[in-house]
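K.L.:
okay, predicted coordinates and the sequence, questions at the end:
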Amino acid sequence: MTSEPVAKKLHTMPKIGTHNGSFHCDEVLACFLLKRLNQYKDAEIIRTRDPSLLATTDIVVDVGGVFDPSIHRYDHHQRTFNESMNSLNPSLPWTTKLSSAGLVYFHFGRTIVAQMLGLSEEDSVTKTIYDKVYENFIQEIDGIDNGIDQFDGEPRYRISTNLSSRVAGLNPKWNEKDVKEMTQFLKAMEMVGAEFTDRINYYKTSWLPARQVVEEAVKGRFDNGQWRIQCVPVSLGSFENRLSIKEEWRGLRDEELVTKSGIPGCVFVHAGGFIGGNKTYDGALEMARACLNTKS
């Protein structure tokens, strides 16, 4: 009996390296993202700060003091590091300093999003959702991990229920003797993974279809045969109009309104006198002009 099968198995078992001790949302998410990739889906996560152990891993995130994609090292703690999505790709607008989550997302996120959507990496939908997920999910984690405030000045209150805070809360407490750190790390991975997946699904099944509806509505905004005139209130939130639609038109519809106003295409005027409709742009414009020439 030889050791060759065992050695071969050990050689083919990939390893993801990250630091031990207190864990944070960025490396937890980075590990989750890597395990979405085929080459790392069965990877063992090695949590250590020992350089000799990290050297045995296939990819390292959030530890080691090196950012070099050519050797699969993705740390952001070194003094010389100041990368953002924009600095790595000037066509992207985001300038928030990257954490290990952002670094992994920049280099592998398009592949991960495409796989989750069942689309190619070149598909425009993949790019759109890749961008939205960074802007509205990953960027927050990058900013918090790097200590970057959302805005200048003192906040009126603190938010302590964001994803990064909830991950931090899963670290073993100082007086919990029987809680294993790795067990909690894996719980954190499950939590951030669920939220990442939910965000992808939201953009795919809800946000993107809604966007398409709006786009179609904008494209066909001149084709629906309905135009409106609407009065301007005297102040924001007021029900009093600066000028209301003519009294004698209020509550009338269709032919009765056409006859009364002498304007073709009239559809209705609300009884409150604040809104009316016409089938054409010219008709609506004529209604508005007629109201401007009188006092209600």
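P.N.:
Ah, there it is.
K.L.:
burial measure for the closest residue in space to residue 100 that isn't next to it in sequence, as a count.
P.N.:
Distances taken as CB to CB, 6 or more residues apart in numbering place residue 62 nearest to residue 100, at 3.8 Å, with adjacent residues excluded. Using the backbone N, CA and C atoms, a C-beta is placed for each residue, glycine as well. Neighbours of residue 62 under the rule other CB atoms under 10 Å: 24.
K.L.:
ok, residue 62 - contacts?
P.N.:
18-19, 24, 26-27, 30, 74-77, 99-100 (CB atoms under 8 Å, 6 or more residues apart in numbering).
K.L.:
pull the most distant pair out of those.
P.N.:
24 and 74 (14.2 Å; CB to CB).
K.L.:
the two - which one has more neighbours?
P.N.:
residue 74 (28 against 23).
K.L.:
assign residue 31 to helix, strand or coil.
P.N.:
helix (DSSP: H, G, I helix; E, B strand; the rest coil).
K.L.:
thinking again about what came up before, just the ones in strands from the contacts of residue 62, please.
P.N.:
With DSSP state E as the criterion, strands contain 18, 74 from among the contacts of residue 62.
K.L.:
what would the contacts of residue 62 look like in CSV with distance to residue 197 and pLDDT?
P.N.:
Shown next, in CSV, are these (distance: CB to CB, whole Å; pLDDT from 0 to 100):
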residue, distance to residue 197, pLDDT
18, 21, 99
19, 25, 98
24, 20, 98
26, 18, 99
27, 18, 99
30, 16, 99
74, 22, 99
75, 26, 99
76, 24, 99
77, 28, 98
99, 20, 99
100, 19, 99
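K.L.:
out of the contacts of residue 62, the closest to residue 232 would be?
P.N.:
Scanning the contacts of residue 62 for proximity to residue 232, where the rule is CB to CB, the winner is residue 99, at 47.9 Å.
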